[in-house]
Every structure is written in structure tokens, then in C-alpha cells.
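J.: Let me see the structure of the following:
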Amino acid sequence: GAFEGDGVQNTDQSTFRMMLSCTAARAVRGTVRTVARPMAATVSAQPRRFYQAPLKEMEFVINETYDLQKHYQSLPIQNGSTTDAETVTMTIGAMANWAEEVLVPLNESADRVGCKHTGPNTVITPPGFKEAYTQFVEGGWSGLSLPEKWGGQGLPQSLSILTSEIVATANWTWAMFPGLSRGAINTVLAHGSEDLKAKYLPKLVSGEWTGTMCLTEPQCGSDLAQVRTKAVPSADGSTYKVSGTKIFISAGEHDMADNIMHCVLARLPDAPAGTRGISLFLVPKRKVDEKGALSKDINGVSIGRIEEKMGCHGSPTCEINFENAEGYLIGTPNRGLNHMFTFINTSRLGTAIQGVAAAELAFQNSLWYAKDRLAMRSLSGDKNPDGPADPIIVHPDVRRMLLSMKAYSEGGRSMIYECALLQDHLTEAELAEDAVKAKKIDDRMGFLTPILKGFLTEVGVESASIGVQVYGGHGYIKSNKQEQNLRDVRIAPVWEGTTGIQALDLLARKVMLQKLKPFHFHVGEMYSFLWSVVKEGGGTNLRRHALTMLGKTIEWQYLTYRLAAKATMGGDRDSIGVASVPYLMYSGYVQLGFHWLKMEVAAERALLNPENALHDAGFYKSKVQTANFYYENLLPSTTSLKTKMLAPTSSIMDMKAENFSYDHSL
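T.: Just a heads-up that it's a prediction; the model follows:
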């Protein structure tokens, strides 16, 4: 395999770059790629229906929209000055090679075979998953952006997020295993004691051990105030006996690592009721002695079952039973839910990436089909006169669908990258112990996260559904692979907090409870950029699109004030619940429009200065055309969303529960 035996974990950056260079020069198996390619290299014809990392698109956002190299120079503590363009190019190119060759072929077979639960502590993952994970670990990928102190490479956080998009699109269910481990690592880093870090972080960072998030219980989904799992302290208070049942635990048991670290929410004996009485514990599947040796005995952890699911068959969703399992307190007693939000927010950003990945995969699998599939004639005259019919890409409705997927995936990528860069700045501020700056960035990320998670997963599902529609009846057939994408992504608007929960978090908590401060700061940044575009103009539509976005931003601000006044001054608290989902989706469309303007500015700049451009003129023209499509066809969705968020509360809340049906559910 591309990374088998590289063994670059716990090495310095120069060694890591040397390994990447060697890997990039190495031939790989199969027909997908012959050698690792630079990000913008021309690629030979690929087998259809296989994901190909969109390296030109990624490079455009990295270098021409955001100027990542300039950004990295502002991160001295995270070794940003040594993370040069060559390192970024090699890292992303190498990951693309490996993911395309190793992970992509496993995606369909994993969906077909699934996971097998063969015993209380045995879950067999799909064929090839374990071997792929071994290569991933040996390649040092797990610790790419994690602290050198614990065996990582110490590179900027954003670099790991960039590579995670490739992994997620190549094979989402496989990506969940290292993705969940990253959440566990971040949680222990942020809240664990030094002893806990020393004992467990090195092997979590290396990827030798994996992690999970254990929140949900049979009697409670997202309402964690109902958590019943108990944690009883030992006589000396150094450990706790954790007992209870957790459900819907992704990667809760598997055969890919020797040990699994469960981050478990539980209650101490004297804990107050509700969410204020929840603590967080690290519970290993197997105990670890002071020398780091694993016990042969299981630590009171067993798997009751794995769920039969609509999709994501390659990832086991487990019911985990804890019976006097030995655990360690993470952070402060009764502050467990606050600490767990470190994990939750990591997962929410990962789930937003899942939405973008689904849109990208749907678009890639649809585009080649639309170019090849012959059906009917163009309304404006034959486009393929020598054939029996025209390719369906000539039909307006098919083009609308293709451009929608393209706009969602490429615009969503820019939204993700914005948060990736903010994460770099947040980490830098924390490492510099600049609490004021860190709080300001964290508040802005907290405001953006529910928009990314809620909006991008919803449009990811929409894109996957459109991908089926492009194929017509063939999209409903398993062998064409579009339906798997739809089944796999359908969970995205549900887990890590449903769209409704994200919407309430955005409007009630991030806007109302924080008295609009993060909102004001964010729109202030938007206004600054938008006015600069209006003043400078350029291109065909830049000033017009900037003025459109100014109007939408002003309207967004007005609607926010109006909803706040309705809930507070009018005393209509249910109005927040009525407005929240339309408000989130409205916010998402405005954000996506803002990012398309950023990309349009970058594209027009490249067209004006072709000598400095990375791609040919056609690439940039397609960006300008997609931006125009977005403003004319997708952004108008905000009009109906505005109407919905201002609908009278009575139109939703007046009907009594017993009046919903007179035939059933009586």
C-alpha cells in the first residue's frame, strides 16, 4: 500500500516531509493512479463511478481564495512558517493517492458486507478496513495536526481538516473511526489531567488506540438531562466504577485497534439533577497499567448489539453495556456536558464535511453519466445529430441539477475551510495563552458551527437525492452507487444534534443568549468585505453580486432583530422554535452566497492576471458562471424561508395533539 511501513509517527517535520516526498514518488497498485500527483497535475482518464479527489478545486480555495501560505505565516507556535506550499501540496496529493486507491474500492463492498457482531467484545469490520487503518497509522496520518509533545507532527489544524475531506468523500464509514478518535483526543487535551494525558494520549495520537463518544441512552436521545449512567468513586477517588447502557455508539467495538477509549457521560452519586449533574469519564475497553501494558481482561465493557441501519453499513453502531467498568474523571465533576462539547463540536464540523462529501460524490457520479447518457433531443435543436438522441447534459433541468450539486459542494468546501482557518487561529491563541483573543474566535466558531452542521448536511442530502434523480430509474439501482450515497448521508442531519437542535442552538443560544455579539462581529466582517468589492468592482457581475449580498446581509440582520424582539418584547417564546429552522437555512444560504462571492473575486482576479493564475481561463470562467447560477437560482430560496420564519406562531402551535388525526394514533 502507499503508506505501508512508512512509520513516520513520532518523527520531526523534516522527516515527515521526506517521507511524503518518497511516498509521492512511489508507484501504487491498480489503474486508479500510477504515481502520486501534484495537486494541479493533469490526470489521465479515470474509471467512472469512482471518487477522484478534486485537487484543482481544493487548490483554488487554498491558494487563490484564502492564500493559505500567508495564513500559515501567522501561526509560529504551530510551525506555520515551516508548513510551506510544497508540504501542503505533497500532503494533500499523497492523501488523495492513498484514499483513491485504498479507501474508494472498499466503500461499496463495506456497504454490501457490513459489520458482524460475533460476541460480547467482538465486531468484525468489512474486509480491508483493518488493513487500510494499519496503513493510515503507519503513515503517521493520525497525528498530522496534533501536538509533538504527544507524538504528533504539530502541523496546523487546518491541514488535517483539508485531508479529512478527501478521506470522508472516498469512504465515509471508514473515516468515522479516525474522526471519532480525533474528538476523543481533543477532549482529553482540553480537559484531562496531565497524568491522564501521559497515560493515554500517545497511543491515541499515533492511532494505535481509537476513541468513541458515549452520550445517548435508551430513554434519552438528545435530551441528556435524562442520562442515568452512574459513576461511583473508588475509596481513594482516583478511579470510578461506571455502570449503565449507551446506545448509537459509532465505532464502539471493532477489530482495527487493540484498545478503545470511551468518553462516557455519567452521574456521580451526589450529582444534582439535569445537565448540571453530568460528569465526563474516560473508560478504556482494556485497562492499562502504569507501564502502558494492556490487560488481557475486558474492563467491564460489552456490546449488546449492533444496529441494522439504513446506511453507513461499514461503521458499527453499538449498544454498549458498562458494568462496574473502571474509568477516570475528565475535567471537573458535574461539568461533563460542558467538557463533552469539545468532542461534540469536533464531530459537528466532521458531520458538516460529510454533507460536502455527499454533494461532491453525487456531483462526480452524475456528471459523467449526464455527458454519456443519450435521451431525447435538445429543445434548441440537435446537439448530437449523428446519434439517436442528445446527451442529457443539454437539457435545462439536468443542468439545473448538476449546477446545484456543484454550487453546494464547492461553496460548502469554502465554508469548511473558513472554519479550518479559524481553528488555526483559535489554537494559536490558546497556545499563546491569549484568553481574550481565544474567546472571541471561539464565539465566532460557535456561531458558525450550527450553520455549517445544519445547512451543509441538509443540502448534502438534497444533493445526494438530486444525484439519484439525474440517473432517473437507474439511480435507484444499487450497482450505479448513487443510492448508497443517499442512504449514507441521510443520517447527517440527524446525528450530532438534529437540524432542529442546531437551529435552536443558533437562534436561541448563539444569538439570543449571547445578545447578538457573535452575530454582530460576524456580519461586521462580512460588511467589510462586501463594501470593498462594491468599491473595486471588476468582472461582469461582481459589483451586482456584492450589492445583492449586502442586501441579504442587511435583511439577515433585520430578521434577527425582529425575531429577538418578537420573543422578548412580545413574550412569544414559541416563536423562536417556529422560526429557528428557516432561520438556520436562511443563514446558510446567505453564508454560501458570501463564499461564492469570495470565490468569484478570486476567479475574476485570475482572469485579469493570467500570468499568475494556477489554472487555465476555462476553470475560472466556470467559477464565475457557477456563482451567477447560485445568485439567480439558489439564493432566491431565502424569500420563502423569510416568509416561514415570520409565520404566526398560531399557525403551528394552535392545533391540539388529539386533533392531528381522527383515524390513527388516537
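
J.: All the strands of the stretch 251-400 of the chain, residue numbers only.
T.: With strands called from DSSP state E, counting those that start in this stretch, the stretch 251-400 of the chain shows them at 259-266, 279-284, 286-288, 294-298, 301-306, 317-329.

J.: Throw these into JSON lines and include mean pLDDT, mean neighbour count and distance to residue 601, thanks.
T.: Glycine gets a C-beta too; all of them are placed from N, C-alpha and C. Formatted as JSON lines, the strands of the stretch 251-400 of the chain follow (pLDDT from 0 to 100; neighbours: other C-beta atoms under 10 Å; distance: least, C-beta to C-beta, whole Å):
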{"stretch": "strand 259-266", "mean pLDDT": "98", "mean neighbour count": "26", "distance to residue 601": "42"}
{"stretch": "strand 279-284", "mean pLDDT": "98", "mean neighbour count": "25", "distance to residue 601": "44"}
{"stretch": "strand 286-288", "mean pLDDT": "94", "mean neighbour count": "17", "distance to residue 601": "52"}
{"stretch": "strand 294-298", "mean pLDDT": "92", "mean neighbour count": "12", "distance to residue 601": "54"}
{"stretch": "strand 301-306", "mean pLDDT": "98", "mean neighbour count": "18", "distance to residue 601": "48"}
{"stretch": "strand 317-329", "mean pLDDT": "98", "mean neighbour count": "21", "distance to residue 601": "43"}
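
J.: Flag the shaky bits of this structure, pLDDT-wise.
T.: The model of the chain has pLDDT under 70 over residues 1-49.

J.: try it again with 80
T.: 1-50, 539 (pLDDT under 80).

J.: Which residue of it lies farthest from its centroid?
T.: Most distant from the centre of the chain: residue 386, at 45.3 Å, with distances by C-alpha atoms, centre = their mean.

J.: ok, now how distant is it from residue 96?
T.: 37 Å (C-beta to C-beta, to the nearest Å).

J.: Likewise for residue 265?
T.: Taken as C-beta to C-beta, the span from residue 265 to residue 96 is 37 Å.

J.: what's the answer for residue 525, then?
T.: Distance, residue 525 to residue 96, using C-beta to C-beta: 32 Å.

J.: Who has more neighbours out of these two?
T.: More crowded of residue 525 and residue 96, by other C-beta atoms under 10 Å: residue 96, with 25 against 12.

J.: Wait, the more buried one touches residue 54, no?
T.: No: applying C-beta atoms under 8 Å as the test, residue 96 and residue 54 come out as separate, 9.1 Å apart.

J.: Determine the three-state secondary structure at residue 241.
T.: What DSSP: H, G, I helix; E, B strand; the rest coil gives for residue 241 is strand.

J.: secondary structure element for the residue nearest to residue 50 when sequence neighbours are not counted?
T.: Nearest non-adjacent residue to residue 50, counting by C-beta to C-beta, 6 or more residues apart in numbering: residue 104, 5.4 Å away. For residue 104, the element it lies in under DSSP states H and E is helix 104-113.

J.: Centre of the chain to that helix, how far?
T.: Relative to the centre of its chain, helix 104-113 is centred 21 Å away, using C-alpha atoms, centre = their mean, to the nearest Å.

J.: Please produce CSV containing the strands of the stretch 251-400 of the chain, extended by distance to residue 166.
T.: Below are the strands of the stretch 251-400 of the chain laid out as CSV (distance: least, C-beta to C-beta, whole Å):
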stretch, distance to residue 166
strand 259-266, 25
strand 279-284, 30
strand 286-288, 32
strand 294-298, 32
strand 301-306, 27
strand 317-329, 24
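
J.: distance of the residue nearest to residue 356 when sequence neighbours are not counted from residue 133?
T.: Sequence neighbours aside, residue 412 is the residue nearest to residue 356 in space, at 4.0 Å (criterion: C-beta to C-beta, 6+ apart). Using C-beta to C-beta, residue 412 is found at 27 Å from residue 133.

J.: Residue 545 too?
T.: 44 Å.

J.: go on, residue 578?
T.: As defined by C-beta to C-beta, residue 578 lies at a distance of 45 Å from residue 133.

J.: for the stretch 101-250 of the chain, what spans make up the strands?
T.: 116-119, 122-124, 209-214, 230-233, 240-250.

J.: hmm, who's touching the fourth one?
T.: This points to strand 230-233. By C-beta atoms under 8 Å, 6 or more residues apart in numbering, the list of residues contacting strand 230-233 from outside reads 239-244, 266-269, 279, 281, 327, 329.

J.: CA atoms only for it, dumped as PDB, please.
T.: C-alpha atoms of strand 230-233 as PDB (Å, rounded to 0.1, in the frame of the first residue of the first chain):
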ATOM      1  CA  LYS A 230     -23.700   6.100  37.200                       C
ATOM      2  CA  ALA A 231     -20.100   6.600  38.200                       C
ATOM      3  CA  VAL A 232     -19.100   5.600  41.800                       C
ATOM      4  CA  PRO A 233     -15.700   6.800  43.100                       C
END
